[in-house]
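Asks: got a structure for you, letters missing:
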Ligand SMILES: [Ca+2]
């Protein structure tokens, strides 16, 4: 099975945190492979440095900032015309009640009409408060037509109305699959 991988850490664009091994070995080196920036969008600017799983920065969602950083990419930029699924993984950390956090995957056509609207409720996977936990979910697109200008948005969404609820997200990885 051929796998296609598009992944990078979240904060490259704003803070130039590195995406390579050299950065991890030498904290004085800040580098990024600019090629890989394509596609990551600021669905919101929820980045903070108080809690992180890797490096300094992690994203977060809350009542006031319900949408996380995400990947937004047209299918024509994904080097396969046969994408069937997407596997999304990340390390997450929660504070507060936090019973309405999810991974969201949208596919829309060139006129922004929904072709696919998938949610995965991440609190179905029990994880402890204030402890980093890796989550993963595969979304199956079924027979969605991803040609003719369709694009996808993949992000975390916190719809919890509780002011105390926060979900931190780090080391976010998106992998497109052909089967
Ligand atoms: Ca990080």
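Replies: Received the coordinates, thanks. In this text the structure is predicted, and so the values were computed from the model without any measurement.

Asks: which strands border the helix or strand harbouring residue 71, and is each parallel or antiparallel?
Replies: Mapping residue 71 onto the secondary structure by DSSP states H and E places it in strand 67-74. The strands beside strand 67-74 in its sheet (DSSP bridges) come out as strand 40-41 (antiparallel), strand 151-158 (antiparallel).

Asks: could you dump those strands into a markdown table with distance to residue 133 added?
Replies: No exception for glycine: its C-beta is placed from N, CA and C like everyone else's. As requested, the strands paired with strand 67-74 are arranged in a markdown table below (distance: least, CB to CB, whole Å):
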| stretch | distance to residue 133 |
| --- | --- |
| strand 40-41 | 23 |
| strand 151-158 | 14 |
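
Asks: closest one to residue 170 among the ones you listed?
Replies: Distances from residue 170 to each of the strands paired with strand 67-74 were compared using CB to CB; the minimum, 11.0 Å, belongs to strand 151-158.

Asks: hang on, the earlier thing: using CSV, please lay out the strands paired with strand 67-74 together with mean neighbour count.
Replies: Formatted as CSV, the entries for the strands paired with strand 67-74 read as follows, by neighbours: other CB atoms under 10 Å:
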stretch, mean neighbour count
strand 40-41, 18
strand 151-158, 23
